[in-house]
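1. Quick one, fold the following:
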Amino acid sequence: MNTKKELFDELDGQQIEKFTITNDHNVSVSAITFGATLEEFNVPGPDGKPTNILVSVPTSEELMKNQYFCQAIGRTAGRISKGTFKLNNKEYHVDQNEGTTTLHGGPHGFNTQIWDGSFDDDTIVFTKHINSSDDSFPGNIDVKITFSLNNDNELTATYSAKSDADTLFNPTQHLYFNLSEGEGINGHLLQINADKYLELNKDKTPTGKKVPVDDTPYDFRNGQNLKVGIADMKAEVGHSYDEVFEINDHQDDEPIAKLSDPETGRSVSISSKRNALVVFTPDDLSGSNFMIGKGGPYMAIALEAQNLPDTPNHDDFGDVTLPAGEEKTYSIKYKVEF
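-> Down below sits the predicted model:
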């Protein structure tokens, strides 16, 4: 296993550092300190040269304009309705950044921070202290994010936090994938271990209703071609995927989803102990530049493993409370095959 630290670029006069791990099979992972962003997940291509299976942004400046691309998300992934929730019978109002909702931790979420970076042996470690006055959530919070890669070609992202007051903690990594060689995602197959998805309001917050996927374009249980699924979605509901799936009960080591590309033979299996996966297929990324080239239609699919969003406002969505003085840790594992 090899590690490398280098200068990525600068943002507002601050140096943004890049950390890279390479395993014995020439699979590598690179992350930068701005937004704790995963910039590269490289696998050997047909010619032996590295192929990045992430759709990431090439500079910090462009990442400011194209928020969330492969960035760490927190304190809370997804949307909080009206930026309002109750904790210990007290109502909190946090900063809103998408109309009346708080999206992905609000305007000062994890993705906006410049993290302190280092290596711990072969693991990338990012740490940050975030005050309540910085992001409007209750509690001053210490967060550690790590990225590790093993010789089974598994990338593990781990998120740990401790707060001095009760708060919320529902982090994820907003990874956009493209497993092809310069093509879109239309040929990709997606399988999800989910019998239900969430009904959403017009502002994309959950209504609270869980809907069976049977006989709908939301049924990925046995795998579905994305081109077919997107076409069916547009015909039936008028848009492509931006959906929350409730993950079925499963063993800890059982993948919750698998994305594969029959053309290249590449696949990524995602493992998570949590109860949700968000799937987002942006219609057109034209006008944006990415590490893998210029943006275009159906160039990427975002897969975000997390707890169900807007959790504190729905009794049966689970619990994302981080009690004062306790440390909570969540992990997401991505196993790549090629």
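
2. can you give me the helices for the stretch 151-300 of the chain?
-> 226-236 (DSSP state H, counting those that start in this stretch).

3. where are the low-confidence patches of it?
-> Within the stretch 151-300 of the chain, no stretch has pLDDT under 70.

4. The stretch 1-150 of the chain too?
-> By pLDDT under 70, the stretch 1-150 of the chain has no low-scoring segment.

5. Helices along that one, start to end?
-> Counting by DSSP H, counting those that start in this stretch, the helices of the stretch 1-150 of the chain are 60-65, 132-135.

6. Buried by neighbour count: which residues of the shortest one qualify?
-> Going by neighbour count (16 or more other C-beta atoms under 10 Å), the buried part of helix 132-135 is 132, 135. Quick note: C-beta positions are derived from backbone N, CA and C, even for glycine.

7. swap in the first one?
-> Within helix 60-65, the residues scored as buried using 16+ other C-beta under 10 Å are 60, 63.

8. and that helix, how far out from the chain's middle?
-> Put simply, helix 60-65 sits 17 Å off its chain's centre (C-alpha atoms, centre = their mean, to the nearest Å).

9. cool, and stretch 287-299?
-> Relative to the centre of its chain, stretch 287-299 is centred 18 Å away, using C-alpha atoms, centre = their mean.

10. Relative to residue 20, which of the helices of the stretch 1-150 of the chain is closest?
-> helix 60-65 (16.6 Å; C-beta to C-beta).

11. Please work out which residues outside that closest one touch it.
-> For helix 60-65, the external contacting residues (C-beta atoms under 8 Å, 6 or more residues apart in numbering) are 8-11, 16, 32, 34-35, 37, 57, 69, 71, 288-289.

12. Might you report the residue contacts of residue 217?
-> Residue 217 makes contact with 224, 229, 232, 233, 236, 237, according to C-beta under 8 Å, 6+ apart.

13. Tell me if I'm right that residue 162 and residue 169 touch.
-> No - judged on C-beta atoms under 8 Å, residue 162 makes no contact with residue 169 at a distance of 9.5 Å.

14. Mutual contacts of these two, please.
-> Overlap of the contact sets of residue 162 and residue 169 (by C-beta under 8 Å, 6+ apart) consists of 141, 322, 328.

15. measure the spatially closest residue to the second one that is not a sequence neighbour to residue 312 for me?
-> In space, not counting the residues next to it along the chain, residue 322 is nearest to residue 169; the distance is 3.9 Å by C-beta to C-beta, 6 or more residues apart in numbering. In this structure, residue 169 and residue 312 are 11 Å apart, going by C-beta to C-beta, to the nearest Å.

16. returning to what we had before: JSON lines please, covering the helices of the stretch 1-150 of the chain and showing distance to residue 87.
-> JSON lines is the format used below for these (distance: least, C-beta to C-beta, whole Å):
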{"stretch": "helix 60-65", "distance to residue 87": "31"}
{"stretch": "helix 132-135", "distance to residue 87": "13"}
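
17. if we can go back for a sec, give me the more crowded residue out of residue 162 and residue 169.
-> Using other C-beta atoms under 10 Å, the more surrounded residue of residue 162 and residue 169 is residue 169, with 26 against 19.

18. For the more buried one, list the residues it contacts.
-> With contacts defined as C-beta under 8 Å, 6+ apart, residue 169 is in contact with 74, 75, 76, 141, 159, 161, 163, 320, 321, 322, 328, 330.

19. Of those, which count as buried by neighbour count?
-> Here, 16+ other C-beta under 10 Å leaves 74, 75, 76, 141, 159, 161, 163, 320, 321, 322, 328, 330 buried among these.

20. Which of the contacts of helix 60-65 sits closest to residue 176?
-> residue 69 (5.9 Å).

21. tell me, how many neighbours does the closest residue to that closest one other than its chain neighbours end up with?
-> Using C-beta to C-beta, 6+ apart and skipping the chain neighbours, the partner closest in space to residue 69 is residue 57 (4.9 Å). Neighbourhood size, residue 57 [other C-beta under 10 Å]: 25.

22. Can you give the contact residues for stretch 244-251?
-> 78, 192-198, 200, 206, 210, 213, 218, 220, 256, 272, 274-279, 308-309.

23. Try it again at 6 Å.
-> Contact with stretch 244-251 is made by 192-198, 210, 256, 275-278, as judged by C-beta atoms under 6 Å, 6 or more residues apart in numbering.

24. Pick the one among those closest to residue 128.
-> If you rank the contacts of stretch 244-251 by distance to residue 128 using C-beta to C-beta, residue 278 comes first, at 23.2 Å.

25. Hmm, the closest one is touching residue 304, no?
-> Yes - the criterion here is C-beta atoms under 6 Å, and residue 278 meets it with residue 304 at 4.0 Å.
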